[in-house]
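>>> Below: sequence and its predicted model.
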Amino acid sequence: MKTLKIAIQKSGRLNEKSVELLKNCGLSFENYKSSLISPVSNFPLEILFLRDDDIPEYVQDGIADLGIVGENVIEETEVDVAYLQRLGYGKCSLKLAIPVNSDIKTIADLNGKAIATSYPSILKRFLAKNNITADIRTISGSVEIAPGLGMSNAICDLVSTGGTLKSNGLQAFADVLKSEAILIGRKGEENNPLTQELIQRVQSVLRAKETKYVVLNAENKNLDTIKTLLPGIKSPTVVPLAEEGWSAVHTVIPEKDFWERISSLKNAGAQGIVVMPIEKIIL
């Protein structure tokens with residue numbers, strides 16, 4: 001059986017979360033900081049630790065079968081790969097930003113202006129889509145200081161919290177690209193049974209993070225109302241209690257609806273509500 005190779009970031013903002021995800025998928029390996037390759041002992045997989053900028057091309061060229069990398073890197077390198085699964089972490093935005101005292105008010109005002117960025121390919125496509133002609137000045141690192149040095153009128157850079165922009169006298173002006181970590185594969189890799197199994201494991205972990213397991217007690221007369229509030233994966237599980245006229249209800253609640261549903265359940269007569277994290281959900 002062929003051993004799969006998956007490339008992840010060696011260091012940086014996606015490394016820790018990527019390692020955590022793979023370990024939560026039941027993969028046993030050592031996170032060697034000084035090594036480029038770590039074999040998985042209980043699955044035919046090798047993990048390559050690479051610079052994030054190199055991951056998309058390694059996957060496209062078949063050096064790695066799979067990769068975990070930010071969508072911004074994939075779009076900038078313009079590679080031909082398959083998007084296999086959005087992973088929900090490493091979220092950020094590629095934004096246009098301008099000095100707080102800038103006379104730029106609309107995207108059209110960027111015509112004829114200079115824009116500093118580390119993402120010239122993405123920016124070029126964005127400007128073309130909006131019929132803007134601007135001078136793209138490609139620099140690596142510390143893009144936010146370019147306007148203050150007189151190098152540009154605006155910048156295009158990744159923004160997470162906006163703190164760096166604010167500290168440099170800049171403000172976000174327009175969204176260029178929303179980004180998060182993506183599991184990618186070389187074209188056709190999605191048909192590989194091993195890849196399909198790995199994707200299933202990843203999806204089960206992601207589903208579990210989005211849900212809570214809930215057990216509650218309720219009088220039988222309130223069950224119909226309570227069940228309408230608890231969709232579960234298919235439907236709630238109802239088990240009679242030793243005390244006559246009472247039942248225990250087991251179900252799964254989406255994380256985003258958690259507090260709203262808990263309040264509704266209490267109002268409907270639910271008691272002794274126990275909420276637990278879920279490790280994996282396999283459909």
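Right, received. Where do you want to start?

>>> Pick out the residue closest to the middle of the protein.
The C-alpha lying nearest the average C-alpha coordinate of the chain belongs to Gly88 (Cα atoms, centre = their mean; 2.3 Å).

>>> does that residue sit in a helix, a strand or a coil?
Following DSSP: H, G, I helix; E, B strand; the rest coil, Gly88 is assigned to coil.

>>> so what pLDDT did it get?
Gly88 carries a pLDDT value of 92.

>>> what does Ile226 give?
Value for Ile226, per-residue pLDDT: 86.

>>> ok so, going back, now that the residue nearest to the centre of the chain has come up, it's in contact with Val205, right?
No - between Gly88 and Val205 there is no contact under Cβ atoms under 8 Å: 10.3 Å. For the C-beta atoms, the positions are set from N, CA and C on the backbone; glycine is no exception.

>>> Leu223 versus the residue nearest to the centre of the chain, what's the distance?
For Gly88, the distance to Leu223 equals 34 Å [Cβ to Cβ, to the nearest Å].

>>> ditto for Thr161
45 Å.

>>> Same check on Asp52?
Distance from Asp52 to Leu223, by Cβ to Cβ: 51 Å.

>>> repeat for Glu190
Taking Cβ to Cβ, one finds Glu190 at 43 Å from Leu223.

>>> excluding its backbone neighbours, what's nearest Lys266?
If the residues on either side of it in the chain are set aside, Lys266 comes closest to Ile273, at 7.2 Å by Cβ to Cβ, 6 or more residues apart in numbering.

>>> Just confirm Ile98 contacts Ala174, I think it does.
No - at 9.2 Å, Ile98 does not count as touching Ala174 under the criterion of Cβ under 8 Å.

>>> quick one, which of the two is more surrounded?
Between Ile98 and Ala174, Ile98 has the larger neighbour count (other Cβ atoms under 10 Å), namely 25 against 16.

>>> The residue lying farthest from the centre of the chain in helix, strand or coil?
Largest separation from the mean C-alpha position in the chain: Glu244, at 47.0 Å (Cα atoms, centre = their mean). Following three-state DSSP, the label given to Glu244 is coil.

>>> Need phi/psi at it.
Backbone torsions of Glu244, given as degrees, to the nearest 10, read phi -60, psi 140.

>>> so what's it scoring on pLDDT?
For Glu244, the predicted pLDDT is 90.

>>> swap in Pro231?
For Pro231, the model assigns a pLDDT of 66.

>>> Could you do Tyr32 as well?
With respect to pLDDT, Tyr32 has a value of 69.

>>> for Val69, same thing?
At Val69, the pLDDT recorded in the model is 96.

>>> tell me which element it is part of?
According to DSSP states H and E, Val69 maps onto strand 66-70.

>>> re the thing from before, what pairs with the host helix or strand of the residue nearest to Lys266, parallel or antiparallel?
Counting by DSSP H and E, the element that carries Ile273 is strand 271-277. Using DSSP bridges, the strands paired with strand 271-277 are strand 211-219 (antiparallel).

>>> List the buried residues for the partner strand?
211-214, 216-218 (16 or more other Cβ atoms under 10 Å).

>>> Could you do stretch 235-249 as well?
For stretch 235-249, by 16+ other Cβ under 10 Å, it's 236, 238, 246-247, 249.

>>> Stretch 253-269 now?
In stretch 253-269, counting by 16+ other Cβ under 10 Å, buried: 253, 261-262, 264-265, 268.

>>> That'll do, ta.
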